[in-house]
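Q: whatever this is, show me its structure:
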Amino acid sequence: MVEKIDILIETVNLTKIYGDSTKVCALEGINLQVMHGEFVAITGPSGSGKSTLLNLLGTLDSPTSGQVWIGGVDVSKLRDNALADFRRAHIGFIFQLFNLVPSLTARENVMLPLLPYRQQGLDLKARAEELVDLVGLASRVKHLPSQLSGGEQQRVAIARALINEPDLVLADEPTGNLDTQAGAEIVALLRRMNRERGVTVVLATHDQTIATQADQLVRLTDGQIHPI
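A: Presented below is the predicted three-dimensional model:
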């Protein structure tokens, strides 16, 4: 039997419906468990609900019905500031389009999520530089995004996702805009962060090569989990 303490994420009958007059059911009755320290891949065709599920797990969207539990907290019930505080404390995000600020250096982009919440005694600059070094970009710390390759920009995005020392990192098609070699390097880096730092990683991907490396594979079809 799996102890509740080992479960980081649990969804209960999670459903998301968009629209009023014309309703679209993006997810229906999703029941999912993710253990602490797991590397989880969510696969499925376009429109199957992968991004919707990540947005619900990341508290960027709220379910129509059902629950999302993260670390024993029913985040479906959190609102406004409490929700933002929870997200900042526990979750890191990596996006397909990198979402770096063009006018900021690699180091400044990594620092950005915590700049409005400077903690006493926290050397944010030093932490950011440590993470930029961790992802192999120590020599690029002062470079702007335009001076970096796609793979290097995604490395900066990974460092940014780790700045708050999250329990959970969510990645939506993190290799979708990269060539095969750069994509493989990003997956290897995420896997290393997962193993060495114990960060739980949940990523959505079309790439079956990535899926085969996961501890748990979740396949979505038409908004439902499809047995593998």
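Q: can you give me the helices in the chain?
A: Ranges of helices in the chain, per DSSP state H, are 50-57, 80-90, 106-111, 124-134, 150-162, 180-197, 208-211.
Q: state the pLDDT value of E3.
A: Looking at E3, its pLDDT reads 55.
Q: try N13
A: Confidence score, pLDDT, at N13: 96.
Q: give me the distance between V110 and V156.
A: V110 sits at a distance of 6 Å from V156 (criterion: CB to CB, to the nearest Å). From N, CA and C alone the C-beta is placed, and that goes for glycine too.
Q: neighbour count: those two, which is higher?
A: Taking other CB atoms under 10 Å, V110 and V156 do not tie; V110 has more neighbours (30 against 27).
Q: and the closest residue to that one other than its chain neighbours, how many residues sit next to it?
A: In space, and not counting its chain neighbours, V110 is closest to A128: 4.1 Å by CB to CB, 6 or more residues apart in numbering. As a burial measure, A128 scores 25 neighbours (other CB under 10 Å).
Q: beta partners for the residue most central in space within the chain?
A: Nearest residue to the geometric centre of the chain (CA atoms, centre = their mean): L170, 1.1 Å. L170 has the following beta-bridge partners by DSSP bridges: F93, V202.
Q: in TSV: the helices of the chain, plus distance to G37 and mean pLDDT.
A: Below are those laid out as TSV (distance: least, CB to CB, whole Å; pLDDT from 0 to 100):
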stretch	distance to G37	mean pLDDT
helix 50-57	16	95
helix 80-90	14	90
helix 106-111	23	95
helix 124-134	18	92
helix 150-162	15	95
helix 180-197	7	92
helix 208-211	18	82
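Q: now tabulate those in JSON lines and tack on distance to Q96.
A: Shown next, in JSON lines, are these (distance: least, CB to CB, whole Å):
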{"stretch": "helix 50-57", "distance to Q96": "9"}
{"stretch": "helix 80-90", "distance to Q96": "19"}
{"stretch": "helix 106-111", "distance to Q96": "16"}
{"stretch": "helix 124-134", "distance to Q96": "20"}
{"stretch": "helix 150-162", "distance to Q96": "9"}
{"stretch": "helix 180-197", "distance to Q96": "11"}
{"stretch": "helix 208-211", "distance to Q96": "13"}
